[in-house]
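Colleague: Just a sequence and a predicted model for now, questions to come.
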Amino acid sequence: MRKVAGVLVVAAMLLPLGLTAAPAGAASGTSCAVQTGTASIKPGITPKATNVTITVKETLSKCVGGGVTGGTETASILSKAATCAGLGKNGTKTGPIVGTITWNTKKTSAVSINTVSDGLKATATGTVKSGLFAGQKISTTIQYSLSKGNCVVTPLTALTIKGLKPFVI
């Protein structure tokens, strides 16, 4: 479940990145002020330890820098032995979560992100592995809330993700 919490955070993921020097020939970074999304969880998190697949879809908007104004991120991770008790546990580390951001320019960035949970918030950091912004660092902080299921009476199968800080690359 610890992995679920981290993944969800990442899910929220997708992440504001810490601005760093770009490799020669790479585009400068970007900062997206708005980050929203959802995480679907199959088969769902319950009190009993279950392996689940978490799929995140996020929209990044109001981006400044790097020649982009927005994008859509998709990411996925298998979380082993996820439980309700582990969801949102402080200090839970999850990752790497592997995903792709498709920018409004149709260019893409392959990303790898790790999260650390703080209740229903998570700090996400990572790296752009290839594509636009290759080699640059990523950072953000997200918050998630239950949107389908309550994790006890019915399996938790969906979360809503909201960026608390800009998604920075």
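Modeller: Received the coordinates, thanks.
Colleague: ranges for the helices of the chain?
Modeller: For the chain, applying DSSP state H gives helices covering 2-12.
Colleague: which secondary element of it has the worst mean pLDDT?
Modeller: Of all helical and strand segments in the chain, the minimum by mean pLDDT, DSSP states H and E falls on helix 2-12, at a mean of 42.
Colleague: Strands of this structure, start to end?
Modeller: Taking DSSP state E to define them, one finds strands in the chain at 31-45, 50-64, 70-82, 93-103, 108-118, 121-131, 137-148, 156-163, 167-168.
Colleague: Let me know which of those strands is tucked in deepest.
Modeller: The highest mean neighbour count among the strands of the chain, using mean count of other C-beta atoms under 10 Å, belongs to strand 167-168: a mean of 26. Bear in mind the C-beta positions are built from the backbone N, C-alpha and C, glycine included.
Colleague: Show the secondary-structure elements that that one is packed against.
Modeller: Counting contacts by 3 or more C-beta pairs under 8 Å, 6 or more residues apart in numbering; DSSP states H and E, strand 167-168 is packed against strand 31-45, strand 137-148.
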